[in-house]
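Peer 1: structure, please.
(one chain, ligands or ions: 3)
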Amino acid sequence: MEFQISSDELSQLNSACLIVAIGEDGELSAAAQQLDSACDGYLSQVIGAGDIRGKSGDTLLLQQLSGIAAKRVLLVGLGKADERKDNNFKKVVNAALSAVKAIRVNDFSIALDDSAVNDRDCYWRTRILAETLASGLYQFDQLKSKPSDQVEFEAIQIVLAEADVEAGEIAILDASAIANGVATARDLGNLPGNICTPTYLAEHAQALADEYDCIDIEVLNEAQMEELGMGALLSVAAGSEQEAKFIVLQYQGADEAEQPHVLIGKGITFDSGGISLKPGEAMDEMKYDMCGAASVLGTMTSVAELGLDLNIVAIIAAAENMPSGFATKPGDIVTTLSGQTVEILNTDAEGRLVLCDALTYAERFEPASVIDVATLTGACIIALGHKTNALLSNNEALASKLLAASDYSTDRAWPLPLWDEYQEQLDSNFADMANIGGRPAGTITAACFLSRFAKKFAWAHLDIAGTAWVSGKQKGATGRCVPLLAQYLIDLATDSEDDADGCCKAGDCDCHDND
Ligand code: BES
Ligand code: MN
Ligand code: ZN
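Peer 2: Residues are numbered from 1 along each chain as shown. Ligands and ions are numbered 1, 2, ... in the order given. Okay, the predicted model is just below:
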């Protein structure tokens, strides 16, 4: 399925279904107005008769309108003018997509102008439109014996005004790179633990490195991790028959001398809890405990497709957390790669144990920034629910860049405090620290644990426990936070380009005379 940009006159456009929007109380968007004049006011008549009210997500399908080349016209409601925020835009797009999926057509066209969302330009509208459509068309049927019978569209046309075509073309290229990254993350997440093992993640990473010349890969096995002293990571894998893998991808898009940005993903391919075994209910969902790794690998796919002018290192700490006679026990004390010792009071707090060694390993790259992504704590779901990634950071500039990227990409994140006051919850009588901090502020104390291994660089932690997948009938991976990470990196690449031009984005900086 491919997106195309068209600037054809709407009434002349050949399409199986042309989608245009109307507001609540029936006002027509500019696109709908054009069609309305072409069909002698038939659209106004239908709306006037009350067949569609234009509430957000309302749809009405009309057939064979005279004066209009498209076979069908689908009206979609935008809601009230002051309610047209980013989220409403995606809701509208999804409603239109459901309606067009319900009919047997091979292609459709969609013309949403600037009335569809407040305070966003054509690039944003087109990009988020394409990403939302791609996401709505995603399916995971590779493990069904027969493929599902969902409609596949041969072509999707995005109709823009002539003046917007250039921005639109860039937007669909960026959107496809991001959508491919999201789909990669969703595929990896949805694969079950018996297929998606640490070795499988390493093979996936290897395939990515094989595909792109600008990506190099190194995969450490357990013997090599032992040699380095990654006692924390290895303690998680101790009970598993599956060998842990430490995967390092290096993407070089800028001068070799430029400091890299490091992304670290938690890759627990199944989290049984270990000896601190989890209850059985919904335990299958712990196959998603590698979604941090999946979103880092997905982001690398996007980055490589976009060809960003940055150096990026992706580190995947992959292991399976299982109980066995060899498994780590509550009370065991391990030595991390940093030399700090940890008393493992709960073997189910394993994510921080694999991540801490990855953070220490990241030091060797002298990184410009380090971001780790993890389905780290159930407490995150209590704090922020299923809509929002938690963000904790030791660096305000980095945190605000991530927040800006999360707002723009609609992949929302929100900060939690990382104040010293919480650190004492990790005190241990027998080691440098415990791996759990009790029930209160579980997301914060998990990040406090990680912060002890991130002292040498600007670091941020994204807890995606609530956002990485949805449960219930629609169970499946979401691909969060690929859009956020991709946007963060796109912004960095754009900033450094501006620096290279000797020019600042807003043009109102201190480093130039602006007279
Ligand atoms: N992978 C889980 C966190 C999790 C649980 C994510 C449920 C999404 C849904 C993590 O390894 C874990 O088990 N964390 C424990 C930590 C606790 C023992 C301090 C938790 O959150 O209960
Ligand atoms: Mn766990
Ligand atoms: Zn886990």
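
Peer 1: so what's the residue lying closest to residue 415 once chain neighbours are set aside up against?
Peer 2: Nearest non-adjacent residue to residue 415, counting by C-beta to C-beta, 6 or more residues apart in numbering: residue 391, 4.9 Å away. The way it works is simple: take the backbone N, C-alpha and C, and place the C-beta from them, glycine included. Taking C-beta atoms under 8 Å, 6 or more residues apart in numbering as the criterion, residue 391 is in contact with 399, 402-403, 406, 413-416, 460-462.

Peer 1: and residue 202, how far is that from residue 474?
Peer 2: Counting by C-beta to C-beta, to the nearest Å, the gap from residue 202 to residue 474 is 30 Å.

Peer 1: do the same with residue 192
Peer 2: From residue 192 across to residue 474, the span is 17 Å (C-beta to C-beta).

Peer 1: got it, and residue 40?
Peer 2: Per C-beta to C-beta, residue 40 is found 43 Å from residue 474.

Peer 1: and what of residue 325?
Peer 2: For residue 325, the distance to residue 474 - C-beta to C-beta - is 39 Å.

Peer 1: identify the residue spatially nearest to the residue in the chain that ligand 2 sits nearest to, adjacent ones excluded.
Peer 2: Residue nearest to ligand 2 within the chain (C-beta to the ion): residue 348, separated by 3.8 Å. Leaving aside its sequence neighbours, residue 348 sits nearest to residue 273 (C-beta to C-beta, 6+ apart; 3.9 Å).

Peer 1: ok, that neighbour touching residue 349?
Peer 2: No: when contacts are counted by C-beta atoms under 8 Å, residue 273 is not listed as touching residue 349 (9.4 Å).

Peer 1: more neighbours, these two?
Peer 2: Taking other C-beta atoms under 10 Å, residue 273 and residue 349 do not tie; residue 349 has more neighbours (24 against 18).

Peer 1: ok, now which ones touch that one?
Peer 2: By C-beta under 8 Å, 6+ apart, the contact list for residue 349 reads 435-436, 446.

Peer 1: ok, 10 Å please
Peer 2: 236, 273-274, 276, 342, 376-377, 434-437, 442, 445-446, 449 (C-beta atoms under 10 Å, 6 or more residues apart in numbering).

Peer 1: for it, which three-state class applies?
Peer 2: Using DSSP: H, G, I helix; E, B strand; the rest coil, the structure places residue 349 in coil.

Peer 1: any weak-confidence spans in the stretch 301-450 of the chain?
Peer 2: Counting by pLDDT under 70, the stretch 301-450 of the chain contains no low-confidence segment.

Peer 1: contacts only, for the residue of the chain found nearest ligand 3.
Peer 2: Residue of the chain nearest ligand 3, by C-beta to the ion: residue 271 (3.7 Å). Contacts were defined as C-beta under 10 Å, 6+ apart; by that measure residue 271 touches 193, 236, 278, 283, 285-290, 319-322, 347-348, 350-351, 375.

Peer 1: what's the one helix or strand in the chain whose mean pLDDT sits lowest packed up against?
Peer 2: Using mean pLDDT, DSSP states H and E, the weakest-scoring helix or strand in the chain turns out to be helix 482-500, at a mean of 92. Other elements packing on helix 482-500 under the criterion 3 or more C-beta pairs under 10 Å, 6 or more residues apart in numbering; DSSP states H and E are helix 122-137, helix 165-190, strand 261-271, helix 291-306, strand 311-321, strand 369-374, helix 396-409, strand 459-463.

Peer 1: is residue 150 in contact with residue 140, as I believe?
Peer 2: No: applying C-beta atoms under 10 Å, one finds residue 150 not in contact with residue 140, separated by 11.1 Å.

Peer 1: looking at these two, which one has more neighbours?
Peer 2: Between residue 150 and residue 140, counted using other C-beta under 10 Å, the more crowded position is residue 140 (15 against 9).

Peer 1: so the more buried one makes contact with residue 474?
Peer 2: No: under the criterion of C-beta under 10 Å, residue 140 makes no contact with residue 474, lying 11.6 Å away.

Peer 1: before we move on, back to that, show me what the residue nearest to residue 415 is bridged to.
Peer 2: The partner list for residue 391 in beta bridges (DSSP bridges) reads residue 415, residue 462.

Peer 1: about what we covered before: show me which of the contacts of residue 271 are buried.
Peer 2: Buried members of these, counted by 16 or more other C-beta atoms under 10 Å: 193, 236, 286-290, 319-322, 347-348, 350-351, 375.

Peer 1: which non-adjacent residue is nearest residue 372?
Peer 2: Computed as C-beta to C-beta, 6+ apart, the closest residue to residue 372 that is not its neighbour in sequence is residue 264, at 4.0 Å.

Peer 1: which ones are touching that neighbour?
Peer 2: Contact analysis of residue 264 by C-beta under 10 Å, 6+ apart lists 292-293, 296, 313-317, 354-355, 358-359, 361-362, 370-374, 450, 454, 459, 461.

Peer 1: 7 Å instead, please
Peer 2: 315, 317, 355, 358-359, 362, 370, 372 (C-beta atoms under 7 Å, 6 or more residues apart in numbering).

Peer 1: okay, it and residue 495: tell me how far apart.
Peer 2: According to C-beta to C-beta, residue 264 and residue 495 sit 22 Å apart.

Peer 1: residue 68 too?
Peer 2: For residue 68, the distance to residue 495 - C-beta to C-beta - is 45 Å.

Peer 1: more crowded one of these two?
Peer 2: Neighbour totals were compared for residue 68 and residue 495, and residue 68 leads with 23 against 13 (other C-beta under 10 Å).

Peer 1: how about that one, what does it touch?
Peer 2: 11, 35, 38-39.

Peer 1: show me how to select, in PyMOL, the buried members of the residues you listed.
Peer 2: Buried members of the contacts of residue 68, defined by 16+ other C-beta under 10 Å, are picked up in PyMOL with:
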select buried, resi 11+35+38+39
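
Peer 1: isn't residue 315 right next to residue 359, touching?
Peer 2: No: with contact defined as C-beta atoms under 7 Å, residue 315 does not reach residue 359; the gap is 8.9 Å.

Peer 1: compare the two (neighbour count), which wins?
Peer 2: For residue 315 versus residue 359, neighbours defined as other C-beta under 10 Å are more numerous around residue 359 (28 against 25).

Peer 1: double-check that residue 82 belongs to a strand.
Peer 2: No: Residue 82 is assigned helix when assessed by three-state DSSP, not a strand.

Peer 1: could I get the helices and strands packed on helix 482-500 as JSON lines with distance to ligand 2?
Peer 2: Listed next are the helices and strands packed on helix 482-500 as JSON lines, based on distance: least, C-beta to the ion, whole Å:
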{"stretch": "helix 122-137", "distance to ligand 2": "28"}
{"stretch": "helix 165-190", "distance to ligand 2": "16"}
{"stretch": "strand 261-271", "distance to ligand 2": "4"}
{"stretch": "helix 291-306", "distance to ligand 2": "13"}
{"stretch": "strand 311-321", "distance to ligand 2": "6"}
{"stretch": "strand 369-374", "distance to ligand 2": "10"}
{"stretch": "helix 396-409", "distance to ligand 2": "25"}
{"stretch": "strand 459-463", "distance to ligand 2": "13"}
